[in-house]
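Visitor: just the structure for this:
(chains A, B, C and D)
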Number of protein chains: 4
Amino acid sequence: MSNATDTESLISFRRDLHKHPEPAWCEFYTTARLIEALNERNLDSIQFGPEIHAGDARNNVPDEQSLQQWRNRALEAGADPDTVKAIGDGFTGAIATLKQGDGPTIGLRVDIDALPIPEAETDDHIPAVEGFRSETDGYMHACGHDVHTTIGLGVIDAVAKSSFQGTLKVIFQPGEEQIVGGKPIAESGHLDDIDALLAVHIGLDHPSGEIVAGIDGFLAVSQFRANFTGAPSHAGARPNEGNNAVQAMAAAIQNLYGISRHADGETRVNAGLVGGGTATNITPEEAFIEGEVRGETTELMEYMVDRADTVIESAAAMHDCTVDIERLGEAPSAVSDPELTSVVMAAAEKTPGVTSVIERDSLGGSEDATYLMQRVQDNGGAAAYVGVGTDHPGGHHTRTFDVMEDDIQIGIDVLASAIEQLGN
Amino acid sequence: MSNATDTESLISFRRDLHKHPEPAWCEFYTTARLIEALNERNLDSIQFGPEIHAGDARNNVPDEQSLQQWRNRALEAGADPDTVKAIGDGFTGAIATLKQGDGPTIGLRVDIDALPIPEAETDDHIPAVEGFRSETDGYMHACGHDVHTTIGLGVIDAVAKSSFQGTLKVIFQPGEEQIVGGKPIAESGHLDDIDALLAVHIGLDHPSGEIVAGIDGFLAVSQFRANFTGAPSHAGARPNEGNNAVQAMAAAIQNLYGISRHADGETRVNAGLVGGGTATNITPEEAFIEGEVRGETTELMEYMVDRADTVIESAAAMHDCTVDIERLGEAPSAVSDPELTSVVMAAAEKTPGVTSVIERDSLGGSEDATYLMQRVQDNGGAAAYVGVGTDHPGGHHTRTFDVMEDDIQIGIDVLASAIEQLGN
Amino acid sequence: MSNATDTESLISFRRDLHKHPEPAWCEFYTTARLIEALNERNLDSIQFGPEIHAGDARNNVPDEQSLQQWRNRALEAGADPDTVKAIGDGFTGAIATLKQGDGPTIGLRVDIDALPIPEAETDDHIPAVEGFRSETDGYMHACGHDVHTTIGLGVIDAVAKSSFQGTLKVIFQPGEEQIVGGKPIAESGHLDDIDALLAVHIGLDHPSGEIVAGIDGFLAVSQFRANFTGAPSHAGARPNEGNNAVQAMAAAIQNLYGISRHADGETRVNAGLVGGGTATNITPEEAFIEGEVRGETTELMEYMVDRADTVIESAAAMHDCTVDIERLGEAPSAVSDPELTSVVMAAAEKTPGVTSVIERDSLGGSEDATYLMQRVQDNGGAAAYVGVGTDHPGGHHTRTFDVMEDDIQIGIDVLASAIEQLGN
Amino acid sequence: MSNATDTESLISFRRDLHKHPEPAWCEFYTTARLIEALNERNLDSIQFGPEIHAGDARNNVPDEQSLQQWRNRALEAGADPDTVKAIGDGFTGAIATLKQGDGPTIGLRVDIDALPIPEAETDDHIPAVEGFRSETDGYMHACGHDVHTTIGLGVIDAVAKSSFQGTLKVIFQPGEEQIVGGKPIAESGHLDDIDALLAVHIGLDHPSGEIVAGIDGFLAVSQFRANFTGAPSHAGARPNEGNNAVQAMAAAIQNLYGISRHADGETRVNAGLVGGGTATNITPEEAFIEGEVRGETTELMEYMVDRADTVIESAAAMHDCTVDIERLGEAPSAVSDPELTSVVMAAAEKTPGVTSVIERDSLGGSEDATYLMQRVQDNGGAAAYVGVGTDHPGGHHTRTFDVMEDDIQIGIDVLASAIEQLGN
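Guide: All right, here's what the predicted structure looks like:
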């Protein structure tokens, strides 16, 4: 179904994205490069910018100064200035539509953003060795979203050449890592005509050649930022006159991790980004925790939210500080529909390079693809989250994460084949 | 002893410095403006740059990128480019020498640096109302070192007009707030010919019109940076695979503040600047604490250092992390010599505007003037730390700190009068 | 299968036990009362005392003083002095054997011990209202083991009247709550001829009339006691000379609960009994934690043991204390065999009063019946853990726990019917 | 002033008390033995039992069961049954009055209680070697109150033989270690006719032969008991249903020790006796902290009380528990009067065996002799707290504390000589 030239071009596209990892709402280069690639294809529509987002559903948008830094970085790296401008205040991502006769509307969701992790420089890390390591200090495609974006492009090409009858909408979603991109796209209405939605993820500890037709076990997640405010004082001369926001923060961290496990299932908690104070000799006036809680079900996540709020508020009170808790991203659970996973299984079984097909597996993490899946399911459509195995040397979200590039084509073939089947 | 024009000029100089607060080793604007002012005076020598520092005694110098930002800021604010260049990699501060006949060498030490505290913008904060509030976001002269620098200039003028016979060396010391500037200047050898050293501080909760002839009770201080290193993991999918550096940091903070009080006297501890982690969904790989411990004596400070190290190392081990503890600034204790405080008392008692003279008081904080005082005392000289009262509305190291500008002249007059007496 | 007189007698027996709750290795009254009841039956053998325990496998035996107190209490309550003497140093429990023709050896395991929980005195708590509330302050049958013991007796009676051909061994096991009684009985060899072992538990949130044929999901558990030793000092005059064992203990507790959740399944941690220090004005020299960790699998339990040890040892080091960690009870996981659960299901379905039969459910707690089940299974036998529903007003291990006494007969009937079937 | 027989008898008395250490309100044996010894003297009155206490000012009285245990122990050790009965519910202590002509009323206060510390058994611990080690497990005269009681007796004898004209009242005060005995005796009115009050303490790190005429620097102290109440649950099956009182307690302990040091002077905090929970597998429903805070002044103590209350209440709220904070003992500061210390100095200087006389020293601990001193001073009298040095091998409140018995006579001689002087 593929040919060498297409594959080379896709690999080259993936490596370009890999060199320019960008976090949520800052995917200016990625979006511009993507629009450029979509423009080379014969599509019915290419939508991007504010029109693809329910604007008030966007959380955690960086301040203008940060956006401007990422815009500048994108422009320096060669992003098209008109596209960058059209993206506006971080309305990143795109929706590409291919119409090919009458038939159902099939959606494919891929995510495009990266992580604040410095990339490995070691000799056994292929991106370092072959020259496409991240050029943005402290950021990295450590979860394969560069590959997902590439798969999105490849599926368009493959479906265009196939007997598929219907409409294909590929949603290139920003901000998955921060769980902020799914909700505004789901609520934009652009998914409301979709009959079947596929989402895809590479790796997840499945080896090259393995396909998981339907992934479940998404942990519901809620992210927060707690800002503690106390009062400063000279730490040597007047220690008692300060209200120590760092002490409040530390008490909160210790007790957040100590929230009781729950009889009804898995829970999680993490204080992933924390800070406070200004100088060694000043009693810290301010401190913050950016963290998250998760649950195997929404109810379990809500139990954790309640307990976390109590811990944080009590820790502030304990040190005569105040605290303001802000909700950042959030995502529900979701379940893959069996009528769709059976189509994916059938497609996978006849795809060259696939050596193992698994019906279901559990993610054990969170994903805001669940917002899109729920939206489609609420409208009577079906949804499935497909796993494409790859022998990744380092774990997801670590400095040595990487994918075997041969597996990109396998992913494209399985998805395109399933989509073709759905449009027949 | 003063006249209106001189005073106006000094006030104007102080307000200029107040608008441009700079932290340790970054006092490019302050030093350049000071050199400019010294050049207008008739001095025997003006020394600055690397020659006034024992280079390897400098701790906590910012990285080149930070230095460059502060250099640029100084240049934009109008600092002389030649001076900025001569300062080099943060060799800030200056020593001005006035020779006036035969007689003893008298030193005066003033400090010049500022604090990472955002300045108040309220209607009752005079710098905000009268237009000389800090123009550098997040930094402020919240401890009066702008005034100290100004007093240094004023004393040169006053002594030059007096009957003083001898040599006056005014040391404009950088980096007091971080306790890093005193040691390299003390060890530079430039103080080794000083017979009597005066240091000065404004405020310290003494009202306008009050002079303290000799301040003691300097807490010995030791500052550290602890860098915790664990291992990252996906906080939802693989929480147990991470070694959580933020948990280690929080356990350390909780237990640092819990180090036992000591029977032999006052101790202090502060985790003044802390941080860790990268994103809500990643188990934090790194975290740090910049903190300090103090003691009423050097022994008490060392007790705190030992206990703090144990706490930090155990907290790291507890969460399967490693930790590296780096020493930042440090300062010993010191005592004002009675033969010098009696001279200051006598001078103060006859100075107009002085309404109260106190022989001794306790600082209760730390100061690296103690390095200079010890150096002079070790060489057989005398030293005293003089307090000049002022009705300061906010406490030291708070956003509303300010001084009554009329008290600047009082400080100049007392010091110049004492110096004149010493050179007769 | 039952008649009114038998039932009344059993209820009366249960209420007598309920009034005299006793913890692990202290079940002197319970064992003596049981032996008395067994003596009234026509049994092949009644074994108790040291002979039913592999002595060196007994953990956590109270000191002689405590044993003597419980012995005295039992004697005061009317326990037979000869039996109490024969029990010796806490070799509580009994094994009753009924031989009835040729056929397989079937085991039934019930537990007999109680919990250190004060019993409710409220008007809606039936034991309080009807006069059989615990007469031992601070102790209570809050998990239904009084009922289990009674079921053991009732099954002997029912099987004796049935067509059962074979040998029935009822194991009345002590010390389940502390996870200490299962191991020494399993290792005694008395189970080595058992072909099929049934264990039984009342309640577990299943309503009256519901039977669970096979309970799985036993959490593996490991219990420990950590003894912290520091150094005392006068807390006012010489605080720094003490090494504070209570601070070490508190740091350990905070961080034990903070041990990371695990991707592979459920874990638990509890610091269930803690203490330290002697008087308000003495820096605490000693402190202890009696706690436990659990895991859905033995591997997960071992992960928790490793992490807990690290936390405890680091907390001690943090406060210059030493710590000694002693293992108390431990229990593995176990799985009910389908060939046995199908017999139980068939029996339950035809038992009057049973309104719902569930094939399998998960316990979510720990049980040292697993030692006995594993022993039988390792010898080629089968084992199943049967749940007998009851509408219990308060949760297990709470002050208001109670059972509906009508459900005792249902439990007896289901188990006797299954045993009859196995011996045909 | 002494003779060998008297001294032998006093040493024997001291050793008897040393063998029978008793805590606050439980000094049945000590009081009975003391009354016996007083009856052998020719006194004007011997008062004990409820009449010497303002009853409602007594805090922290043990429950009847504990009192009865101590009563029984006293009787078994040979205490006079009539005296034990007359003491009633722990109204321990005594006041002995000697009238000897007209003159001022002089008070001497000694304390009689012991500590919950196990006594050393090593070869270098004289009480162990010479057969008068504590016979009460876990309790010890580890602060020399056995010696103080003996000094009280010895002073009566010496004054009786002297030229003293006036009234001597020796107050044998119970419950000093728990800071509970001073207040009810001070408020009883029995001190209201005292013109000068001396209190005495042995040791305090002063060597044999050294006398301190006036000790100051008593830390004000406030003791509390915090009872945390949560909700129990099965720690394995339903961890989330419990509200964990031990977690609340641990969070409180960690943050109590972390209360900020104060610029105005010394503070202290100690969680001296803590406990919680019932069994490893039950989420702890209850926990407690018995602790204390101190301050160099009453204001500093009150700062600590406020902060401690906030910490404790927030820790409870953090874990969805409630907490009840009860005040136990409390004692203010006090200052020795110079007119009295000068009399003591003069007396000491002429006493054989005294090699060093110090005018003033600081205790650095707390003492409820301050209640008695304040009462006398409030009534216009004078008070001083006298230190009698001794080479004590172990520190106060440690297992190896002991006194040199030769120093007992020195203490008697100095005090009797000062009293004689005051009554002339």
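
Visitor: select the longest helix from chain A.
Guide: Identified as the longest helix of chain A according to DSSP state H is helix A:298-318.

Visitor: list the buried ones in the following helix or strand past it?
Guide: Sequence order places strand A:322-331 as the next helix or strand after helix A:298-318, per DSSP states H and E. For strand A:322-331, burial by neighbour count (16 or more other C-beta atoms under 10 Å in any protein chain shown) applies to A:V323, A:I325, A:L328, A:G329, A:E330, A:A331. No exception for glycine: its C-beta is placed from N, CA and C like everyone else's.

Visitor: number of residues surrounding the closest residue to the last one other than its chain neighbours?
Guide: The one in question is A:A331. Distances taken as C-beta to C-beta, 6 or more residues apart in numbering or on different chains put A:D368 closest to A:A331, at 4.1 Å, once the chain neighbours are dropped. Residues lying near A:D368 (other C-beta atoms under 10 Å in any protein chain shown) number 28.

Visitor: show me what contacts A:D368?
Guide: Residues near A:D368 by C-beta atoms under 8 Å, 6 or more residues apart in numbering or on different chains: A:Q173, A:G175, A:E176, A:I179, A:V180, A:G181, A:G182, A:K183, A:G329, A:A331.

Visitor: let me see the confidence value for it.
Guide: Here the pLDDT value assigned to A:D368 is 93.

Visitor: do the one 3 residues further on as well
Guide: pLDDT, A:Y371: 93.

Visitor: does it count as helix, strand or coil?
Guide: What DSSP: H, G, I helix; E, B strand; the rest coil gives for A:Y371 is helix.

Visitor: can you give me phi and psi for A:R268?
Guide: phi -140, psi 160 (degrees, to the nearest 10).

Visitor: domain ranges for chain A?
Guide: As given by automatic domain parsing, the domain ranges for chain A are A:4-217+A:334-422, A:220-331.

Visitor: excluding chain neighbours, give the residue nearest to A:H53 in space.
Guide: Nearest residue to A:H53, sequence neighbours excluded (C-beta to C-beta, 6+ apart): A:P184, at 4.1 Å.

Visitor: count the residues that sit near A:E8.
Guide: Neighbours of A:E8 (other C-beta under 10 Å): 10.

Visitor: in which helix or strand would I find it?
Guide: Residue-wise, A:E8 maps onto helix A:4-19 under DSSP H and E.

Visitor: got the angle for the helix or strand just after that helix vs helix A:4-19?
Guide: Note on helix A:4-19: by DSSP H and E, the next helix or strand toward the C-terminus is helix A:28-39. Relative orientation of helix A:28-39 versus helix A:4-19 (axes from the mean of the first three to the mean of the last three C-alpha atoms, to 10 degrees): 160 degrees.

Visitor: from the contact counts, what lies against the helix or strand that helix A:28-39 is followed by?
Guide: Following helix A:28-39 in sequence order, the next helix or strand is strand A:45-48 (DSSP H and E). Strand A:45-48 is packed against helix A:28-39, helix A:81-87, strand A:94-100, with contacts defined by 3 or more C-beta pairs under 8 Å, 6 or more residues apart in numbering or on different chains; DSSP states H and E.

Visitor: mind listing what's buried in the second one?
Guide: Put plainly, it is helix A:81-87. A:T83, A:V84, A:A86, A:I87.

Visitor: before we move on, what about the last one?
Guide: Of the residues in strand A:94-100, A:A94, A:I95, A:A96, A:T97, A:L98, A:Q100 count as buried by neighbour count, 16+ other C-beta under 10 Å.

Visitor: residue nearest the centroid of chain A?
Guide: By C-alpha atoms, centre = their mean, chain A has its centre lying nearest to A:E176, at 2.1 Å.

Visitor: excluding its backbone neighbours, what's nearest it?
Guide: A:D111 (3.9 Å).

Visitor: number of residues surrounding the one you found?
Guide: A:D111: 28 neighbours (other C-beta under 10 Å).

Visitor: got a list of what it touches?
Guide: A:H145, A:H148, A:T149, A:F172, A:Q173, A:P174, A:E176, A:G181, A:A369.

Visitor: restricted to helices, list those.
Guide: Those of these lying in helices (DSSP H): A:H145, A:H148, A:T149, A:A369.

Visitor: if we can go back for a sec, looking at the buried residues of strand A:322-331, spot the one nearest C:V274.
Guide: C:V274 lies nearest to A:V323 out of these, by C-beta to C-beta, at 29.0 Å.

Visitor: was I right about the closest one contacting A:I312?
Guide: Yes. With contact defined as C-beta atoms under 8 Å, A:V323 reaches A:I312; the gap is 5.8 Å.

Visitor: mind listing the shared neighbours of the two?
Guide: Joint contacts of A:V323 and A:I312 (C-beta under 8 Å, 6+ apart) are A:A226.

Visitor: next one: stretch A:245-262 to chain centre, how far?
Guide: 27 Å (C-alpha atoms, centre = their mean, to the nearest Å).

Visitor: may I see the buried residues of it?
Guide: Across stretch A:245-262, burial judged by 16+ other C-beta under 10 Å covers A:245-262.

Visitor: ok, now stretch A:202-218?
Guide: Buried residues in stretch A:202-218 (16+ other C-beta under 10 Å): A:202-204, A:206, A:208-218.

Visitor: rank those by pLDDT and give me only the lowest.
Guide: A:G217 (80).

Visitor: return the residues in contact with the nearest residue in space to it that is not next to it in sequence.
Guide: Spatially, and ignoring its direct neighbours in sequence, A:G217 is nearest to A:S362 (2.9 Å; C-beta to C-beta, 6+ apart). Listed by C-beta under 8 Å, 6+ apart, the contact set of A:S362 reads A:I215, A:D216, A:G217.

Visitor: what's the closest of these to D:L168?
Guide: Nearest member of the contacts of A:S362 to D:L168, counting by C-beta to C-beta, is A:G217, at 84.6 Å.
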